[in-house]
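Trainee: Pasting a predicted model and its sequence here:
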Amino acid sequence: MQIKIPASFWRGGTSRAVFFKEEDLASYDAPTRDLIVLAALGSPDPYGRQIDGLGGGISSLSKVGIIGRGTEGDPAVRFTFGQVDVERPFVDYLGTCGNMSAAVGPFAIDEGLLPAIDPVTPVRVLSTNTGKHYIAYVPARDGRAETEGDYTIDGVPGPGARIALEFLDPGGSTGGRVLPTGHVTDTLALEDGRRVTVSLVDAAAPMVFVLAEELGAAATELPQDLDANYALQDLLEEIRAQAAVRLGMAETVVQARDKVKAVPKIAIVAPPTSYHTTRGTPVGPEQVDLVSRMISMGKTHRTFAGTSSMCLSVAAAIPGTLVNGVAQRVSADRVRIGHPAGIMEVGAKVQPQGDDWRVESVTTQRTARRIMDGFIYVPQSYIQGKPWFA
């Protein structure tokens with residue numbers, strides 16, 4: 001026997017997620033809510049396919065959003081993001097998602113959480129994961145969010161209505177500082193005795209940046225080739241876990257590997273160079289300011305995560321970081337990232353502030369589309385706290 005819970009399925013940028021309303025999950029405690037989310041996405045799946053749910057087997061297609069009305073104290077639409085592990089029964093709420101952030105505004109308009117204003121509705125959103133706000137400027141027509149348009153982003157096959165996202169004061173999303181350790185670079189000691197230089201930056205989401213060259217990589221590899229390089233992936237995960245400990249997110253590397261998987265994310269960076277995208281399209285060094293590949297939940301991202309791109313743009317603006325060192329920017333407050341599917345442009349307004357930095361705002365553009373509405377069917381045993389994997 002199964003119960004049904006209202007939900008919808010959305011694409012935001014280059015990600016997909018199941019969206020729930022807060023009110024539809026309000027009667028369930030947190031553990032039961034997570035079991036509902038796992039059932040919706042089809043996790044855990046030891047085969048890595050999420051065949052029993054709506055997940056797509058990779059981190060960018062294994063996400064959930066819980067959206068609600070603002071409160072009297074903060075009228076902004078509330079957005080709680082969950083990163084759902086594909087192979088383990090685990091939902092991580094430590095970070096947020098820039099791509100799915102683009103879908104929250106259209107969802108809020110169409111669900112009547114706020115009135116539409118033609119031709120563009122500004123939707124102020126509180127990311128409950130980070131306590132930070134952003135504004136989504138959503139095209140609207142006849143009281144509904146507009147879906148169709150001529151704006152394209154690399155990694156999405158067709159055009160859509162352009163949604164501008166302005167993330168306000170996104171610095172220090174977890175610990176309050178843009179440079180959490182107070183340094184533009186840090187050295188991490190690995191288990192084999194090697195020492196690796198990284199830049200730890202926190203804006204929109206905490207990130208670990210490392211030079212591709214130091215790891216014997218190029219940052220132009222196709223995702224499937226990086227994923228097949230098991231030695232490099234193991235090394236990147238160790239660096240990421242070591243950084244999580246340095247950032248105070250975990251007490252040990254083992255704990256970071258097991259319980260702190262969604263953040264920090266890690267990216268390798270390199271100066272502009274020629275490469276071919278996943279579609280075989282050539283990208284020249286004059287088209288980008290740097291090339292980068294990022295890892296999310298143990299897999300190479302097929303494009304570049306939205307919040308991670310924002311953090312990279314901030315890191316590029318701070319002298320002395322590894323990102324700033326490889327970036328060859330043509331604009332002081334905008335960076336063009338060469339990622340596997342093409343090029344992403346992100347803007348950041350950054351100013352020094354005491355012994356740290358202040359990020360006034362980060363801006364990017366996305367498209368979003370509601371794919372379907374309906375019900376998520378959840379086995380009764382899940383609601384009773386007795387899923388098959390318990």
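Mentor: Yes, it's here. Residues are numbered from 1 along each chain as shown.
Trainee: Run through the bridge partners of V291.
Mentor: A270, G338 (DSSP bridges).
Trainee: before we move on, what about A145?
Mentor: With DSSP bridges as the rule, A145 is bridged to A140.
Trainee: Would you map the helices across the stretch 251-390 of the chain?
Mentor: For the stretch 251-390 of the chain, the helices defined by DSSP state H, counting those that start in this stretch occupy 253-259, 306-317, 322-326, 380-383.
Trainee: Can you say which of these is nearest to Q353?
Mentor: When the helices of the stretch 251-390 of the chain are compared by Cβ to Cβ, helix 306-317 sits nearest Q353, at 12.8 Å. (Each C-beta comes from the backbone N, C-alpha and C, glycine too.)
Trainee: For the nearest residue to R69 once chain neighbours are set aside, list the residues it contacts.
Mentor: Counting by Cβ to Cβ, 6 or more residues apart in numbering, R69 lies nearest to L113, which is 5.5 Å off, once chain neighbours are set aside. In this structure, L113 makes contact with I67, G68, R69, V77, F107, judged by Cβ atoms under 8 Å, 6 or more residues apart in numbering.
Trainee: could you check the distance from L113 over to S381?
Mentor: For L113, the distance to S381 (Cβ to Cβ, to the nearest Å) stands at 33 Å.
Trainee: Equivalent analysis for L61, please.
Mentor: 26 Å.
Trainee: T321 now?
Mentor: 49 Å.
Trainee: Compare those two (neighbour count), which wins?
Mentor: T321 (24 against 15; other Cβ atoms under 10 Å).
Trainee: Pretty sure the more buried one sits against L312.
Mentor: No - at 9.8 Å, T321 and L312 do not qualify as touching, with contact defined as Cβ atoms under 8 Å.
Trainee: tell me, what's touching these two both at once?
Mentor: Between them, T321 and L312 share these contacting residues under Cβ under 8 Å, 6+ apart: F209.
Trainee: about what we covered before: can you classify the residue nearest to R69 as helix, strand or coil?
Mentor: The three-state label given to L113 by DSSP: H, G, I helix; E, B strand; the rest coil is coil.
Trainee: Quick check: it vs Y382, distance?
Mentor: 28 Å.
Trainee: Could you do P180 as well?
Mentor: P180 is 37 Å from Y382, by Cβ to Cβ.
Trainee: the more surrounded of those two?
Mentor: P180 (22 against 19).
Trainee: from what I can see L190 touches T197, true?
Mentor: No - L190 is beyond contact range of T197, at 11.7 Å (criterion: Cβ under 8 Å).
Trainee: residue ranges of the strands in the stretch 251-390 of the chain, please?
Mentor: For the stretch 251-390 of the chain, strands defined by DSSP state E, counting those that start in this stretch occupy the ranges 265-270, 275-276, 282-283, 290-296, 299-300, 334-339, 342-353, 356-366, 368-379.
Trainee: Which one of these lies nearest to D227?
Mentor: Once these are compared by Cβ to Cβ, strand 299-300 is nearest, at 5.3 Å.
Trainee: what residues does the closest one touch?
Mentor: I58, S59, E221, P223, Q224, L226, D227, R293, M294, P340.
Trainee: ok, what's across the strand from the residue nearest to the first one when sequence neighbours are not counted?
Mentor: Nearest residue to I58 in three dimensions, chain neighbours excluded: K299, at 5.5 Å (Cβ to Cβ, 6+ apart). Applying DSSP bridges to K299 yields these beta-bridge partners: S296.
Trainee: At the geometric centre of the protein, which residue do we find?
Mentor: Nearest residue to the geometric centre of the chain (Cα atoms, centre = their mean): C97, 3.6 Å.
Trainee: mind checking how far that residue is from R329?
Mentor: For C97 relative to R329 (Cβ to Cβ), the value is 26 Å.
Trainee: Does W388 touch S381 like I think?
Mentor: Yes - in this structure W388 lies within contact range of S381 using Cβ under 8 Å: 7.3 Å.
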